[in-house]
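Asker: turn this into a structure:
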Amino acid sequence: MLKPTDPGNGPQGERPIGELVSELVEEGKAYAKAELDVLKAIATSKGKALILPAILFGVAFMVALAAIMTIAFGVFMELFAFLDPLIAGFISFVLFAAIAGGLGWYGAQRLKRDL
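Answerer: Now for the predicted structure:
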């Protein structure tokens, strides 16, 4: 049978390894929790800072969409003066669909090239 060590034989103030490891694990957990709290605070701060710019970009997008619709309507009205309404609408549709398709194709090509 093992006998307990005599505390008087070792250096003063020495603690058992199990206690040191347990303390190290607890301090590691506390450090990790503190780091996560800091990251959460940073993410919350940045998220709150991005709310107004996101709203402004959304409104700008809607205004730009209205401007494009106005141009499309103007093109339709000019064609309508010379052609049947159905033909004028179809030509306007094809024109703006071709522009959108070209921009989408160019964006896809750039994405493939950059990745």
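Asker: any idea how far residue 20 is from residue 31?
Answerer: Per CB to CB, to the nearest Å, residue 20 is found 16 Å from residue 31. Yep, even glycine has a C-beta here, placed from its N, CA and C like the rest.
Asker: and residue 44, by the same measure?
Answerer: Counting by CB to CB - residue 44 and residue 31 are separated by 20 Å.
Asker: neighbours around residue 76, how many?
Answerer: Residue 76 sits with 20 neighbouring residues when counted by other CB atoms under 10 Å.
Asker: cool, and the one 10 residues further on?
Answerer: A count of nearby residues for residue 86, using other CB under 10 Å, gives 9.
Asker: for it, give me the pLDDT.
Answerer: Residue 86 is assigned a pLDDT of 90 by the prediction.
Asker: let me see the contact set for it.
Answerer: Contact analysis of residue 86 by CB atoms under 8 Å, 6 or more residues apart in numbering lists nothing.
Asker: at 10 Å what do you get?
Answerer: residue 80 (CB atoms under 10 Å, 6 or more residues apart in numbering).
Asker: look up phi and psi at residue 16.
Answerer: Main-chain torsions, residue 16, degrees, to the nearest 10: phi -70, psi 150.
Asker: how close does it get to residue 68?
Answerer: From residue 16 to residue 68 the distance is 75 Å (CB to CB).
Asker: ok, now residue 22?
Answerer: For residue 22, the distance to residue 68 - CB to CB - is 66 Å.
Asker: do residue 108 as well
Answerer: 21 Å.
Asker: which of these two has more neighbours?
Answerer: A direct count of neighbours by other CB under 10 Å for residue 108 and residue 68 places residue 68 higher, at 13 against 10.
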